[in-house]
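[1] Using only what follows, build the 3D model:
(one chain, ligands or ions: 1)
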Amino acid sequence: MYNETQLQQFVEQAKPYAKYGKVADYIPALRKADPNDLSIAIYAPDGTVVCAGDTQEKATLQSISKIIALAFVLMNRGEEEVFKKVGMEPTGDPFNSIAKLEEKQPPKPLNPMINAGALAVTHMIDGADVDERFHRLLTFVHRLTGDSAITYSKEVAQSEFETAFLNRSLCYFLKQHGIIDEDVEPLMDLYTKQCAIEMNCIDLARIGLVFAMDGFDPIQNDPIMPPHIARICKTFMVTCGMYNASGEFAIKIGIPAKSGVSGGILAAVPGRFGIGIFGPSLDEKGNSITGMKLLELLSKTYSLSIF
Ligand code: DON
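    Numbering: from 1, shown residues only. Sure thing, here's the model as predicted:
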């Protein structure tokens, strides 16, 4: 099976692809990322971690946080309530598209992985105010990673908060149609903090492991989430985790995964291990170009496709 030397070779093979992409620039603070960075960690149920690249480098979760927030609200509110506000179908559209919202009756977002759906999910995080709601979500992240030092990047959160006009439009649309009923600014405050939660690829791989093990954390012997919730999350990873590249990703790689515009990818190989990758150079759909190459090499070499 995989070892560190092999992983390092894969990283070297994937790195040259960075030149075909670019770092996210619509959130100004993300422009500072180095497109040539690439790190990976694989976390096994026995606690073994195999890594390559600069694994101490931290990055923000961005859209990877959507799968964590989804698991959290499903645990708190239950399936019935959550799926009243957000659907289960892939869109085939870019992550920030507003297009399909107007076509559907009732006008609820098609799934929790696109921005409109994720905003509806974040809206459902309970608490007295933004601070309490964020603290509850962050505590869940601490449990998933076993690392209570994890926090968020104020700089990235602030940078997105100041520039997220499209996400604000999605919120106003959702509010007009009764999907959300709170003020837009506090929701944007909570959402941008959620997206700015920061960690390294080892922490990310550990979260992937929990999903891979059906919600059970084998490291702390902790049944973090019920198996059916982990299963729902993994299904969304397959159908919508890589947005309008999810079909191709399922064919070429076949591992439940969720990407973020920071260049992160969280992947869960069911029953076997979690994978965390950071590689900030993105393709035109907002997925890490080197990260996907790396996963393709791994999947082909070790037959990791679930299909
Ligand atoms: O809402 C946004 O646009 C970002 N905070 C997250 C988007 C994202 O990561 C899309 N992923 N590939």
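[2] Which stretches in the chain count as helices?
    4-14, 65-77, 79-85, 115-123, 130-145, 154-163, 165-176, 184-195, 201-212, 227-240, 246-252, 289-302 (DSSP state H).
[3] can you redo those helices as a markdown table with mean neighbour count and mean pLDDT?
    Every residue, glycine included, has its C-beta placed from N, CA and C. Listed next are the helices of the chain as a markdown table, based on neighbours: other Cβ atoms under 10 Å; pLDDT from 0 to 100:
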| stretch | mean neighbour count | mean pLDDT |
| --- | --- | --- |
| helix 4-14 | 16 | 96 |
| helix 65-77 | 23 | 98 |
| helix 79-85 | 14 | 97 |
| helix 115-123 | 26 | 97 |
| helix 130-145 | 18 | 98 |
| helix 154-163 | 18 | 98 |
| helix 165-176 | 17 | 96 |
| helix 184-195 | 22 | 98 |
| helix 201-212 | 28 | 98 |
| helix 227-240 | 20 | 98 |
| helix 246-252 | 17 | 97 |
| helix 289-302 | 22 | 97 |
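[4] Out of those, which gets nearest to residue 23?
    Of all those, the one in closest proximity to residue 23, counting by Cβ to Cβ, is helix 289-302 (10.6 Å).
[5] what about the closest one, distance to the chain center?
    In terms of Cα atoms, centre = their mean, to the nearest Å, the centre of helix 289-302 is set 18 Å apart from its chain centre.
[6] and residue 262, how far is that from the ligand?
    Distance, residue 262 to the ligand, using Cβ to the nearest ligand atom, to the nearest Å: 7 Å.
[7] need the contact list for that residue.
    24, 30, 33, 59-62, 278, 280 (Cβ atoms under 8 Å, 6 or more residues apart in numbering).
[8] and the helices of the chain as a markdown table, adding distance to the ligand?
    Converted to a markdown table, those look like this (distance: least, Cβ to the nearest ligand atom, whole Å):
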| stretch | distance to the ligand |
| --- | --- |
| helix 4-14 | 18 |
| helix 65-77 | 8 |
| helix 79-85 | 18 |
| helix 115-123 | 5 |
| helix 130-145 | 14 |
| helix 154-163 | 5 |
| helix 165-176 | 5 |
| helix 184-195 | 4 |
| helix 201-212 | 14 |
| helix 227-240 | 11 |
| helix 246-252 | 11 |
| helix 289-302 | 11 |
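[9] Spatially nearest residue to the residue most central in space within the chain, not counting backbone neighbours?
    Centroid check for the chain by Cα atoms, centre = their mean gives residue 64 as the closest residue, at 1.1 Å. What sits nearest to residue 64 in space, not counting adjacent residues and going by Cβ to Cβ, 6 or more residues apart in numbering, is residue 260, at 4.3 Å.
[10] Give me the neighbour count for that neighbour.
    A count of nearby residues for residue 260, using other Cβ atoms under 10 Å, gives 27.
[11] so what's the backbone phi/psi at it?
    Backbone torsions for residue 260, taken as degrees, to the nearest 10, come to phi -140, psi 160.
[12] Just to check, it is in contact with residue 67?
    No: using Cβ atoms under 8 Å, residue 260 makes no contact with residue 67, being 9.8 Å away.
[13] Run a quick neighbour tally on residue 104.
    Residue 104: 12 neighbours (other Cβ under 10 Å).
[14] neighbouring contacts of stretch 97-117?
    In contact with stretch 97-117 (Cβ under 8 Å, 6+ apart) are residues 63, 66-67, 70, 82, 84-91, 93, 95-96, 118-121, 166-167, 169-170, 173-174, 177, 179, 236, 239-241, 243, 258.
[15] can you rerun that using 6 Å?
    66, 70, 85-87, 89, 91, 93, 95-96, 118, 120-121, 167, 170, 173, 177, 179, 236, 240 (Cβ atoms under 6 Å, 6 or more residues apart in numbering).
[16] can you give me how far that stretch is from the chain middle?
    Mean C-alpha position of stretch 97-117 versus that of the full chain (Cα atoms, centre = their mean) differs by 18 Å.
[17] what about it, how long is it end to end?
    Start and end residues of stretch 97-117 are separated by 11 Å (Cα to Cα, to the nearest Å).
[18] one step back: residues contacting the residue nearest to residue 64?
    61-64.
[19] and these near the ligand, which?
    The subset of the contacts of residue 260 lying close to the ligand, counting by Cβ under 6 Å from any ligand atom, consists of 62-63.
[20] got a markdown table for the contacts of residue 260, with pLDDT too?
    A markdown table is the format used below for those (pLDDT from 0 to 100):
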| residue | pLDDT |
| --- | --- |
| 61 | 98 |
| 62 | 98 |
| 63 | 97 |
| 64 | 98 |
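[21] For residue 4, state which of the contacts of residue 260 is nearest.
    The nearest member of the contacts of residue 260 to residue 4, counting by Cβ to Cβ, is residue 64 at 24.2 Å.
[22] how close does the closest one get to residue 207?
    Distance check for residue 64 against residue 207: by Cβ to Cβ, to the nearest Å, it reads 8 Å.
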